[in-house]
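[1] Quick check, what structure comes out for this input:
(one chain, ligands or ions: 2)
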Amino acid sequence: MTEGCFDRIALIGIGLIGSSIARDVKELGLAKEVVISTRSAETLRRAEELQLGTHYVASAAAAVKDADLVIVSVPVGASEEVARQISPNLKPGVIVTDVGSTKASVIAQMTPHMPQGVHFIPGHPLAGTEKSGPDAGFAGLFRGRWCIFTPLPDTDPQALDRLKAFWTALGSRIDEMDPQHHDKVLAIVSHLPHIIAYNIVGTADDLETVTESEVIKYSASGFRDFTRLAASDPTMWRDVCLHNRDAILEMLARFSEDLAYLQRAIRWGEGDKLFDLFTRTRAIRRSIIEAGQDVDAPDFGRHALDPKT
Ligand SMILES: NC(=O)C1=CN([C@@H]2O[C@H](COP(=O)(O)OP(=O)(O)OC[C@H]3O[C@@H](n4cnc5c(N)ncnc54)[C@H](O)[C@@H]3O)[C@@H](O)[C@H]2O)C=CC1
Ligand SMILES: O=C(O)C(=O)Cc1ccc(O)cc1
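    Numbers count the residues shown, from 1 in each chain. Ligands and ions are numbered 1, 2, ... in the order given. Sure, this is the predicted structure:
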């Protein structure tokens, strides 16, 4: 079989991430059959209207029958429920993976339900938007973006290679990490920025002296960037906060300390402290751009599917 291809892929959850995977699989011809299941009948109907798969099934348990790759793309808090549902129908040798934004909790929720002979390999594509649902997905979302795997100690290397080949076919760059380390890294680079965005937009919304219409009318681009993140799916982000609690609280504590330092420097007119920090952070932005990690750059991901690069 061609690298990255499977006979039958089951997609459990068909929102932004699940439907983007479905679109890529269809466009790249990575599976003969794509069976889709999701919790709500309305979303399943929409997936069928959009022709995202080849089969549409109400129950997750029925969807995974005979599948050789199962991708769970649901809010992380629903991982155990899905694992429990699909467990009896997983065929020996099947690869089960997920796309959840937190890893230790998903592993704790799903591993106990994985029968012997099933290869459960947790994963996380670092690609997305503030939108949700099957209409929000698009082909090429994962191109040039990292996909991090957090394999378990007994993960079969061949199954891991097959899954890596699948994500490579989608254009992703592959990395591996310990789940706890993943959760710490993501707490600072993804979870905290979202929490800060929810908070600053909430603060603006609560102000008595500045009206909501003024916030909307005069919002500078910095504030607008926060509103994009703060428009992200409430269920997904509630679950991320509850399921990466310790790492997020650790990073929030550090953040609050550093904010207090900044607050003090502003109060006491310590311009040199402000200038030094702002100079240091400017260098981080430059490093991101130099490392080719600027996802807003017009040519970002251009080389991902080019075999010559
Ligand atoms: N949105 C983003 O930018 C990214 C999200 N992720 C992760 O991907 C996962 C899915 O996120 P999105 O696709 O953005 O969410 P979404 O809200 O667009 O889609 C979620 C899907 O899961 C289904 N679902 C919810 N509960 C379910 C259950 N108990 N059983 C079966 N289906 C259920 C919904 O019907 C929907 O089809 C989450 O774990 C999230 O942390 C990962 C990378 C980026
Ligand atoms: O929309 C954005 O800027 C994101 O950061 C998307 C995103 C959200 C959650 C993830 O686990 C990975 C990527």
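[2] Remind me what the helix or strand containing residue 108 packs against, helices and strands.
    For residue 108, the host element (DSSP states H and E) is helix 104-110. Packing partners of helix 104-110 (3 or more CB pairs under 8 Å, 6 or more residues apart in numbering; DSSP states H and E): helix 79-86, strand 95-98, helix 179-186. Every C-beta, even on glycine, is put in place using the N, C-alpha and C of the backbone.
[3] what sits up against the last one?
    Defining contact as CB atoms under 8 Å, 6 or more residues apart in numbering, one finds that helix 179-186 is touched by 101-104, 107, 122, 124, 148, 150, 177, 244, 247, 250-251.
[4] contacts for the helix or strand of the chain with the lowest mean pLDDT?
    Least confident helix or strand of the chain, by mean pLDDT, DSSP states H and E, is helix 212-218 with a mean of 83. Among residues not part of helix 212-218, those counted as contacts by CB under 8 Å, 6+ apart are 204, 205, 207, 223.
[5] same thing but at 7 Å, please
    Residues external to helix 212-218 that are found in contact with it (CB atoms under 7 Å, 6 or more residues apart in numbering): 204, 205.
[6] Report all helices and strands that the helix or strand just after the helix holding residue 108 contacts.
    Going down the chain from helix 104-110, the next helix or strand is strand 119-121, by DSSP H and E. Strand 119-121 is packed against strand 95-98, helix 157-169, with contacts defined by 3 or more CB pairs under 7 Å, 6 or more residues apart in numbering; DSSP states H and E.
[7] right, and those - which one's nearest residue 230?
    Closest to residue 230 of these, according to CB to CB: strand 95-98, at 25.2 Å.
[8] That closest one pairs with which strands, and in what direction?
    Using DSSP bridges, the strands paired with strand 95-98 are strand 69-72 (parallel), strand 119-121 (parallel).
[9] Can you say which of these is nearest to ligand 1?
    Proximity to ligand 1 (CB to the nearest ligand atom) singles out strand 69-72 among these, at 8.2 Å.
[10] Now do the closest one: distance to the chain's middle.
    15 Å (CA atoms, centre = their mean, to the nearest Å).
[11] which outside residues touch that strand?
    Contact with strand 69-72 is made by 6, 9-13, 21, 64, 79, 82, 86, 94-99, 166, as judged by CB under 7 Å, 6+ apart.
[12] Which secondary structure state does residue 36 sit in?
    Secondary structure state of residue 36, per DSSP: H, G, I helix; E, B strand; the rest coil, is strand.
[13] Give the full set of residues in contact with the spatially closest residue to it that is not a sequence neighbour.
    Of all residues not flanking residue 36 in the chain, residue 53 sits nearest, at 4.0 Å (CB to CB, 6 or more residues apart in numbering). Applying CB under 7 Å, 6+ apart, we find residue 53 in contact with 11, 22, 34, 35, 36, 47.
[14] With residue 175 instead?
    Counting by CB under 7 Å, 6+ apart, residue 175 has contacts 146, 148.
[15] Am I right that it sits in a strand?
    Yes: according to three-state DSSP, residue 175 belongs to a strand.
[16] the helices in this protein, which residues?
    Using DSSP state H, the helices of the chain run over 16-28, 41-49, 60-63, 79-86, 104-110, 157-169, 179-186, 192-206, 212-218, 221-230, 234-243, 245-267, 271-290.
[17] For the fifth one, what is the distance to the chain centroid?
    Pointing back at helix 104-110 there. On CA atoms, centre = their mean, the centre of helix 104-110 falls 15 Å from the chain's centre.
[18] on that earlier part again, now render the contacts of residue 53 as TSV, adding distance to ligand 1.
    Below are the contacts of residue 53 laid out as TSV (distance: CB to the nearest ligand atom, whole Å):
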residue	distance to ligand 1
11	9
22	11
34	15
35	13
36	9
47	8
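[19] Spit out the contact partners of the spatially most central residue of the chain.
    Central residue of the chain (CA atoms, centre = their mean): residue 101, 4.7 Å from the mean position. Going by CB under 7 Å, 6+ apart, residue 101 touches 76, 124, 186, 190, 240.
[20] hmm, back to that, name the residues of the helix holding residue 108 that are buried.
    By 16 or more other CB atoms under 10 Å, the buried positions in helix 104-110 come out as 104, 105, 106, 107, 109, 110.
[21] ok, the residue nearest to residue 23 when sequence neighbours are not counted - contacts?
    Closest residue in space to residue 23, ignoring its immediate chain neighbours: residue 139 at 4.1 Å, by CB to CB, 6+ apart. For residue 139, the contact set (CB under 7 Å, 6+ apart) comprises 23, 24, 27.
[22] Of the contacts of helix 179-186, just say which sits nearest to residue 264.
    Distance to residue 264 across these (CB to CB) is lowest for residue 251, with 20.5 Å.
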